[in-house]
Every structure is written in structure tokens, then in C-alpha cells.
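**Q** I'll drop the sequence and a predicted model, then ask my questions.
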Amino acid sequence: MRTKNTRRFLGAVATACVLALGASACGSSSDDGSGADKEDIANALKQGGKVTVWAWEPTLKKVAADFEKKYPKVDIELVNAGTNDKQYTALQNALAAGSGAPDVAQVEYYALGQFVFGKSVVDLARYGARDHDRAFSAGPSSAVRAGGSTWAMPMDSGPMALFYNQKLFDKHHIKVPTTWDEYVEAARALRKADPKVYITNDMGDAGATTSLIWQAGGRPYKASDTKVSVDFTDAGVKTYTNTWQRLLDERLVAPVSSWSDEWYKGLADGTIATLAIGAWMPANFSSGVASASGDWRVAPLPQWEKGKTISAENGGSSLVMTKDAQKKELAYAFIEYATTGEGATSRVAQGAFPATVADLESPAFLEQKFPYFGGQQANKIFAASARNVASGWSYLPYQVYANSIFNDTAGKSYVSGLPLEKGLAAWQQASVKYGKDQGFTVNE
Amino acid sequence: MTATATTDHVRRAAATSPAAAPPQRTSRRRPSTPLNPRRSVPLTLVTGLVLVYTLLPLGWLVINSTKNQRDLVTSFGLWFGEDVNFWDNVSRTLTYDDGVFVRWLLNTLFYVLAGAGGATVLAVLGGYALAKYDFPGRKAVFAVVIGAVAIPGTALAVPTFLMFSGMGLTNTPWAVIIPSLISPFGLYLMWVFASEAVPDELLEAARIDGSGELRTFFRIALPLLMPGTITVLLFSMVATWNNYFLPLIMIKDPDWYPLTLGLNAWNAQAQTAGGEAVFDLIITGSLLTIAPIVVIFLLLQRYWQSGLSAGSVKE
């Protein structure tokens, strides 16, 4: 009964037009006003008003204060309504209830599809977001755009790199790996030299897994209108599972969940030797792992094929305008300010990793020396990674849910002997089932 | 051999401990009574274990509140780190993020005063009325109250959320205070307590002397109800102070967070890109959060102990 209704609803939405990230969706039909031009926005800023922003990103605080200083009549109310999926649940509920939703919200790239599909966010192209198309680097730029619509503006990005404990590698005379095969060898060598040391930790992390599959050339998700396909059997996925299975089989990864206090401890005491993770990690290193300052360095992400320079994104978030936004011009003005120009520069200065080409290419950024990484100019590596992000990746329109069930399905491969391939197949099956229950056409 | 040694050791320890009864040969034959308790080695051991089990987390909390973030991840959990940063941690906890911790502390105090205070007033009034007045439907009220005791607050949280959302009260302090006012267990406790602690004869005497019902309640019944009142107050204070789930679903604005949600928000911060890991502040904050409850328990314990046992013996 419910499914039927949902299906009918989805059908109606589909004919209207729905996004599929990375696929060609139809042009945006303006259903609530025709947007605004620069003059309207300037007038709105003069008139003033209140903009509520839901975000947990710490550097936005200064941006909001600066914005209020620049436009004294505007009041930015910055609310931390929870982190990642907690905020998405709250946002989804408020939007469904029709009251209590903010004007602007922080949404990570992987979660964007859910809100775009649900028509919960406003097409920013109508307010002039296309002016900034060239301002953002390739990964985040393609993550927020579909067809002629721009559903969000990128706040930061997470091109991947390899963070490694140089002290540990030096101590055991092991070469820093440049390919994933070398990575496995280094894992064995480290473990042999000191049984307490693991090359990295992994208890099953959907974001990390999909990012490495992305780098390996796998494209498990395809989405176009309400048609979705989930396929964890392509060559790229196989490349990933073959290598990662070796690490799991030989017990070369620490059984520690990322972001736990145990994880921070492992990074600090040298029992976790490397992390392949997004370029936003330095801030977490210097605040959470202060005691290992000087031990760690950054290297390009290991390659699946020797000599290549392919990278992928891991994390990163954007700002959206919700459909319930009261003063849409003001909301857009704030989004624009926070993601481009002065706002972006201020956030980069506070440690955020930029999504803007201008910041990524500025000499001040590239030549910045990280005392934490022994004075290394790590941004050069990150910026190169940002340029090398492989194209054509897309997430599911219900990726938040899919990621939430990763540990119940694929997660078994990390704690028992279930082969990773079978674990991913179980994840695929559960994702397909959920998609069908929600009224999507999946794998047909 | 070992067994004898242990027994001897325990016996000696028992003999030297100040509260120990003089060693008696006859103790084996004498039954253990509350006024003349007999020592039991297994019981002492079990109690000792429970004591360690109970105090270990508290000890861990106290020890780790002296460490900074660096020592937290590098030093042994049950011993002190390189530096003692307790006062530094406390001042940073109180000032971090523009002193938001103080705001959460005041919110919690407000919720406790309004919610638990109100719940106690309602429970005392209701319990007294149900115990001392006969009116039609009393049995039905009894059934409802007993039924309500059996429903955990967690199960009611979502329906309550939907109701409050409909009334536009979510994200306001009212959404935490109003549900906290209802304490079926407190009402039941006061009901039982009042029926035992306030003799009917006393109320009748007061009525014959011409005292009005309100005056009788405030001048005669209330002082007799004091131990029960304190007990209910203590229970509802602890419940409101520790409440996590209700504010979690009701409140989105960190300005209205109680301490429980606030500390959780700090914890979540360590799990995001670019977020600052402040485990040292979370641990110090947790210690500061439980301190007032410990103080209240110590101050009020003699009242509520006498309150709990009231009515248990027929005089």
C-alpha cells in the first residue's frame, strides 16, 4: 500500500524531472519563482533579515561573523543541529513536517542526492551559481551539478593522499609505498618488524571503501531519474577487493574503527602506520594527535597501476538552500559568500581544504609549510591530487541509508572470514532491496 | 594452606578494623540479626568487588580529567599522565566555544528546577489527594498510574515529539520541561507514603478543630510528608539531570541543550573532517556534570533513606 503510493509519487516526480548526479538530467523547470538577479540580491542585502544555517563545520563561525559585519542588517544564525547523518535526519524530518527547517544547510557530497531527489533543495543556478562554475575544482564541481542545475555550492573537498608515519618507516627501513601492491608488502614488512604495528585500520568504512573503488576505476552506482543500478562486480571493484582481501586475510589491518578514541590513540602511539584519507585530515591530526607532531608526512595516494596518477575524493561538503528558505536571496548571498571569494579564503586560512581553484592554485596555499608534517609543503600533494580526481563517479540517491547499512552487510568481512567480494554483494543486495521498497527501479 | 592463610588474614583484618565486633567464639551458633550482624567473608568479598566495579569508572574519570589531549592518547588510562592539567582543563571547559558549557549547565539547572521541582509538587499534591480523599474513579486513576509506571519514557518520546511538533513547541525549553513534570512513579511513591505517614485520625482531629483542607495540608500533612517528598525530588532530579533521549529528539538548537547533549555534541566533533578532537574537555566536562548530582545525593541522603523505609513496618 505504502510502496504503491510512494511509487506513484516518485513517478510524478520523475516526469517533472529528477536529478541523477553525474548523469544527464533534464533542465530545471522553475516551480517556485524564477530566481533572482544580482540587483535583487543586493536589494535583499540592503533590506536585511535573518538566515538560519545548519552546519557543523567549525570555520563557518568566522565567516558568519564577517558576513554580518559586511552586511549589518543581515543576521546569520548558525546552528549545529548534529553531525553528518544526525543532521540529515533532522533536516529530512523538518522538511517533511514543513516547519523548522533552516534556510541553508551543510550537506556532504555523498548525501546530496537524497535531498535533490526529494526536491528539498533549490536550484542555485537560478540565483547565479553558474557564474562560479569554473571557480571550483573538478571533483566537487561535478558533485553538485547535474544537467543545467546547480544543487549546492562546494564548501570544501577531500582529494585523497597517503598520510604515513615517517618515523616508523625509517626505523624499520621500509620504503613508502607508491602502489597498492607495494602497500601490501609494506604492511607485511611492518608487521614482521614489529607485531604491534599495522599498516592501517579498517573495520569497514563505507566512505573509505567507495573512495578506493572510485580510484580503482569501479563505478558501482549509476543513477538516472528513478532508475538506479548497483553493481559491485565490475573490474574496478575487483581490483580493489583483490588487494584489500590480502590485507584482511593476513590480518595486516588493525581492528580499530576510524574516529574512535582508540583510533586517535593508534595514530599517536605508532601502531597505525598510514591513512589513505581526504586532504582535510591535517586539522584532525594537529588537534587530535598532537603528540605525534613531526612523525607524520604526506605522500601521493598509492596507485593501482604503477606510474599512474589517479586520485579520488573522500568526504567534503557543500551548502544547500532548502525549499523552505524564507529569504531566498539572502540565503543565496550567504552561500555564495561562504563558498567563494573572501569566505572561502577565510575558511582555508582556518584549516579547511579548499574546493576553489583560485585557493588551490595560490602560491600562499601551495607553499604553506606544515610544522606538524616536519615543515613539508603538503598542499602541493593535495592540490595535485585534486587535479587528478577520476571523473564519472556518482552516488546513490539514498547513499546515506546505504552507508548506514554497510557495517551490517559488508562489515562482516572485516570481523569474520566472509570474503570481501561476498560482503560487498550482500551490501549490494540490501541496497537494491531498499531502493525498490522506496519506489526506485533498481537493476532492471 | 592458602585457604587458612586467607581466612586468618581476613580474621585479623576484621579484628583490627574499628567497626569490628569483638571476636566471639559463639558467633557461629548465633544467628545474624540486624542489630548484631555476623561477618561473612564471601559477602565482604562480593561487596568489595561491587565497590571496585562501581568506583572504577569514577576513578578513571577523576584521573583522566587531569590529562590534556596529548596525554590522553599516549598514557595509561588508570594512571596520571606527564602533567597535571586539572585546573587548566576546567577553565578551558568553561570557556571553550564562547563558554557554551556554562550555558548548558544553566539550561540543565533550569530544566531540573522547573521539571523535577514541578514533578515533585504535582506528585506530592496528587499522592496526598489519592491517599486521603475518597472519590469516584479512584480505582481507575490507580490503574492508570500503575500502567504508566510500566511504560518507559523512551517509548513515549516519539509520540510526545509528534504531539509537541503539532503544537509548535519543539526546539523550545517547554518541550523538555512539560514531559518532565509527569512522574507516575513519583506519584505512586507519594501515594503509598502519604497513606502510611499521615494518620487519618490526625486529619480528622484537624478538621474537628476547624482547620480548612488547604491549611491542614500545609501545616500538618506536608511536614509529615517531607522524607517522601525529598525522595521523589531526588529521583526526579537525577532523572531530569541525566535525561538524554527526550532533549535529543526535542531540541535542535545548541543554545537550549542540556549538558548531556552538549557533551555528546563535543564528542561528535572529533568524528568529523576538520572538527577539533576535545576528548580532554569532554572528560573534564563529564566530571563537572556529575559533581552537582553527587553533592545533592550526599546532602539529601539521610532524608531519603528515612523516606524509603517509612511505612514498611506496621507500628
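**A** Structure received.
**Q** Just the pLDDT at residue 27, thanks.
**A** Unless you meant another one, I'm taking chain A. Per-residue confidence at A:Gly27 stands at 38 (pLDDT).
**Q** you looked at the wrong chain, it should be chain B
**A** Here, the pLDDT recorded for B:Ser27 equals 47.
**Q** which ones are touching the closest residue to B:Thr74 other than its chain neighbours?
**A** Closest residue in space to B:Thr74, ignoring its immediate chain neighbours: A:Ser291 at 5.0 Å, by C-beta to C-beta, 6 or more residues apart in numbering or on different chains. Every C-beta, even on glycine, is put in place using the N, C-alpha and C of the backbone. Under the criterion of C-beta atoms under 8 Å, 6 or more residues apart in numbering or on different chains, the neighbours of A:Ser291 are A:Ala268, B:Arg70, B:Asp71, B:Val73, B:Thr74.
**Q** who wins for neighbours among those?
**A** B:Val73 (26 neighbours; other C-beta atoms under 10 Å in any protein chain shown).
**Q** By mean pLDDT, point me to the weakest helix or strand of the chain.
**A** Just going to use chain A. The weakest-scoring helix or strand in chain A, judged by mean pLDDT, DSSP states H and E, is helix A:2-16 (a mean of 41).
**Q** what's the following helix or strand after that helix?
**A** helix A:38-47 (DSSP states H and E).
**Q** How about stretch A:276-295, which residues are buried there?
**A** For stretch A:276-295, a neighbour-count test (16 or more other C-beta atoms under 10 Å in any protein chain shown) marks A:276-293, A:295 as buried.
**Q** With stretch A:148-160 instead?
**A** The neighbour-count check on stretch A:148-160 (16+ other C-beta under 10 Å) flags A:Ser149, A:Thr150, A:Trp151, A:Ala152, A:Met153, A:Pro154, A:Met155, A:Asp156, A:Ser157, A:Gly158, A:Pro159, A:Met160 as buried.
**Q** Wait, the fourth one touches A:Val320, no?
**A** What that stands for is A:Ala152. Yes - because the distance of 4.5 Å satisfies C-beta atoms under 8 Å, A:Ala152 is recorded as touching A:Val320.
**Q** what's the overlap in contacts for these two?
**A** If you check A:Ala152 and A:Val320 against C-beta under 8 Å, 6+ apart, the residues they both contact are A:Val107, A:Leu112, A:Val121.
**Q** Can you report how many residues lie near the last one?
**A** Using other C-beta under 10 Å as the criterion, A:Val121 is surrounded by 25 other residues.
**Q** what about the residue nearest to it when sequence neighbours are not counted, neighbour count?
**A** Spatial nearest neighbour of A:Val121, excluding adjacent residues (C-beta to C-beta, 6+ apart): A:Val320 at 4.3 Å. Neighbouring residues of A:Val320 were enumerated by other C-beta under 10 Å; the total is 29.
**Q** A:Val320: what's it in contact with?
**A** The neighbours of A:Val320, taking C-beta under 8 Å, 6+ apart as the test, are A:Val104, A:Ala105, A:Val107, A:Leu112, A:Phe115, A:Val121, A:Val122, A:Trp151, A:Ala152, A:Ile335.
**Q** try 10 Å
**A** With contacts taken as C-beta atoms under 10 Å, 6 or more residues apart in numbering or on different chains, A:Val320 has the following neighbours: A:54, A:91, A:102-107, A:111-112, A:115-116, A:120-122, A:124, A:144, A:151-153, A:331, A:335.
**Q** buried residues in stretch B:227-243?
**A** B:227-237, B:239-241, B:243.
**Q** Would it count as contacting chain A?
**A** No - contact between stretch B:227-243 and chain A is absent, the nearest approach being 17.5 Å (criterion: C-beta under 10 Å from any C-beta of the partner chain).
**Q** Pull the distance from that stretch to the chain's centre.
**A** Taking the mean of its C-alpha atoms, stretch B:227-243 sits 6 Å from the chain's own mean (C-alpha atoms, centre = their mean, to the nearest Å).
**Q** Just give me the neighbour total for A:Ala138.
**A** With neighbours defined by other C-beta under 10 Å, the count for A:Ala138 comes to 17.
**Q** before we move on, what about A:Leu162?
**A** Using other C-beta under 10 Å: A:Leu162 sits among 21 other residues.
**Q** Tell me the secondary structure at it.
**A** strand (DSSP: H, G, I helix; E, B strand; the rest coil).
**Q** Is the closest residue in space to it that isn't next to it in sequence part of a helix or strand, or is it coil?
**A** Nearest-residue entry for A:Leu162: A:Ala299, 4.5 Å, with adjacent residues in sequence omitted and distances by C-beta to C-beta, 6+ apart. Using three-state DSSP, the three-state assignment for A:Ala299 comes out as strand.
**Q** and the stretch 51-200 of chain A, which residues reach chain B?
**A** Contacts of the stretch 51-200 of chain A with chain B, taken as C-beta under 10 Å from any C-beta, map to A:52, A:54, A:56-59, A:61, A:77-84, A:86-87, A:90-91, A:93-94, A:97, A:99-100, A:102, A:108, A:156, A:158.
**Q** Any of these buried? List them.
**A** Burial by neighbour count, judged by 16+ other C-beta under 10 Å, picks out A:52, A:54, A:56-59, A:61, A:78-84, A:86-87, A:90-91, A:93-94, A:100, A:102, A:108, A:156, A:158 from those.
**Q** Near chain B, which residues of the stretch 251-400 of chain A are found?
**A** Those residues of the stretch 251-400 of chain A that sit near chain B, judged by C-beta under 10 Å from any C-beta, are A:257-269, A:277-293, A:314-317, A:347, A:350-353.
**Q** Tell me which entries of the residues you listed lie within strands.
**A** Among those, DSSP state E puts A:Ile277, A:Gly278, A:Ser317 in strands.
**Q** Make JSON lines from these and add distance to B:Ser40 and pLDDT to it.
**A** As requested, those are exported to JSON lines (distance: C-beta to C-beta, whole Å; pLDDT from 0 to 100):
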{"residue": "A:Ile277", "distance to B:Ser40": "57", "pLDDT": "96"}
{"residue": "A:Gly278", "distance to B:Ser40": "60", "pLDDT": "95"}
{"residue": "A:Ser317", "distance to B:Ser40": "61", "pLDDT": "94"}
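**Q** so who does the nearest residue to B:Gly117 once chain neighbours are set aside touch?
**A** Taking C-beta to C-beta, 6+ apart, and ignoring the residues beside it in sequence, B:Gly117 has B:Leu233 as its nearest neighbour in space, at 7.5 Å. With contacts taken as C-beta under 10 Å, 6+ apart, B:Leu233 has the following neighbours: B:112, B:116-117, B:119-121, B:123-124, B:186, B:296, B:300, B:303-304, B:307.
**Q** Tell me which residue is most central in chain A.
**A** A:Gly315 (2.3 Å; C-alpha atoms, centre = their mean).
**Q** pLDDT score for it?
**A** Checking the pLDDT column for A:Gly315, the value is 91.
**Q** what's it in contact with, if anything?
**A** Applying C-beta under 10 Å, 6+ apart as the definition, the contact partners of A:Gly315 turn out to be A:84, A:108-110, A:156-160, A:207-208, A:211, A:277-281, A:353, B:272-274.
**Q** What is the neighbour count of A:Tyr198?
**A** For A:Tyr198, the number of neighbouring residues by other C-beta under 10 Å comes to 23.
**Q** Relative to chain B, how far out is it?
**A** Here the distance between A:Tyr198 and chain B works out to 16 Å (C-beta to the nearest C-beta, to the nearest Å).
**Q** residues touching that residue, list them.
**A** A:187, A:190-191, A:247, A:251-256, A:266, A:271-274.
**Q** What does it show for phi and psi?
**A** Phi and psi for A:Tyr198, reported as degrees, to the nearest 10, are phi -110, psi 150.
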